[in-house]
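Student: no sequence on this one, just coordinates:
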DNA sequence: TCTCAAATGTTACGGTATAACAAGGTGATT
DNA sequence: AATCACCTTGTTATACCGTAACATTTGAGA
Ligand SMILES: [Zn+2]
Ligand SMILES: [Zn+2]
Ligand SMILES: [Zn+2]
Ligand SMILES: [Zn+2]
């Protein structure tokens, strides 16, 4: 199964980083994985409540924050949502493409273009931190 | 005065576009202009309430939406905020740099780098729409 | 003047996120 | 084992962000 495989990789990844993928965090990760695209915190919260009876917002937000910090998820600010990172392990900055019509998500490597951006920003005195780029558009299927 | 000059330019800009910069919208624009960096909707709302006694969220959100659509402001999703566009008139896509420490904002031209990004995204089947890029980092003053 | 469409006012609500403190678990030190 | 420090999770409450829906006003053109 795809999910189990990802979880296993995530486990190794966390161990290498010296952080703990606890049962709760793993459960949240599985819930996010069960979606195909962007997921919202309160969707995850609702799912979590189905599985364990009760859960409050901080529970899910803390888990999501951890998973983002660990590099397993990315936050999509423009949509108040989260997506699974499909480049765990390969140190990277993501170029995340979101289809505005269907919600499909694709993640490419933003490293080359961020080099250019860092140089341009440097000219204005800005030191750009590690981050992802998000772009919205339409995927191939939705353009037909 | 800097602000008056900008307002005047905004006025011309709106007239060219065939949209109306009403008194309310102008007032909101002035409030946003009075800040140096990113401004939040509820900050504007509070200011507006000081000036006219009462105002409700939809009032300010509608004005902000209009100003964004007119190209006079940009929305900064990552911060739930808005900034003034300093390239009104020059048709452009902005590369917006936000200092995470002090909130200072700089806007450059993102057109060249977006050409590269469009090509890269096209390889994955995505047609990316007109948009701005936001990057966070630290400005020169905050790095000292 | 009349009419219609756009803009604004008003109320109410729903979605997003965090503060603050309590309680539980884990592993190292003694 | 008992203690302690630290991280994780639970719990309550609240603050912040944004919009739906409908009423009312305004203003440009017939
Ligand atoms: Zn990634
Ligand atoms: Zn699509
Ligand atoms: Zn701009
Ligand atoms: Zn700064």
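Tutor: Cool, got the structure. These figures come from a predicted structure and were not determined experimentally. Ligands and ions are numbered 1, 2, ... in the order given.
Student: and chain A, which residues reach ligand 1?
Tutor: Applying CB under 5 Å from the ion, we find that chain A lies next to ligand 1 at A:85, A:87, A:94. Where you see a C-beta, it was placed from the backbone N, CA and C, and this is true even at glycine.
Student: Report the entries of the residues you listed that also contact DNA strand C.
Tutor: Among the residues of chain A next to ligand 1, no residue is within reach of DNA strand C (CB under 7 Å from any atom of the strand).
Student: and of those, the nearest to DNA strand D?
Tutor: Closest approach to DNA strand D among the residues of chain A next to ligand 1 (CB to the nearest atom of the strand): residue A:85, at 19.3 Å.
Student: So which residues on chain A come close to DNA strand D?
Tutor: Counting by CB under 7 Å from any atom of the strand, chain A sits next to DNA strand D at A:19-20, A:22-25, A:54-59, A:62-63, A:66.
Student: Any residue of the helix ranked longest in chain A touching DNA strand C?
Tutor: Using DSSP state H, we find that the single longest helix of chain A is helix A:2-17. No. On the criterion CB under 7 Å from any atom of the strand, helix A:2-17 is out of touch with DNA strand C, staying 12.7 Å away.
Student: elements contacting that helix?
Tutor: Packing partners of helix A:2-17 (3 or more CB pairs under 8 Å, 6 or more residues apart in numbering or on different chains; DSSP states H and E): helix A:23-33.
Student: Could you list the paired strands of whatever helix or strand comes next after the helix it packs on along with their orientation?
Tutor: Remark: after helix A:23-33, the chain's next helix or strand is strand A:39-40, criterion DSSP states H and E. Looking at strand A:39-40 with DSSP bridges, its partner strands are strand A:81-84 (antiparallel).
Student: re the thing from before, show me just the buried residues among the residues of chain A next to ligand 1.
Tutor: By neighbour count, with 16 or more other CB atoms under 10 Å in any protein chain shown, the residues of chain A next to ligand 1 hold A:85, A:94 as buried.
Student: Out of the residues of chain A next to ligand 1, which is nearest to ligand 2?
Tutor: residue A:94 (18.4 Å; CB to the ion).
Student: Please name the residues that touch the closest residue in space to residue A:29 that isn't next to it in sequence.
Tutor: Nearest non-adjacent residue to residue A:29, counting by CB to CB, 6 or more residues apart in numbering or on different chains: residue A:67, 5.8 Å away. Contact analysis of residue A:67 by CB atoms under 8 Å, 6 or more residues apart in numbering or on different chains lists A:25, A:28-29, A:32, A:73, A:82.
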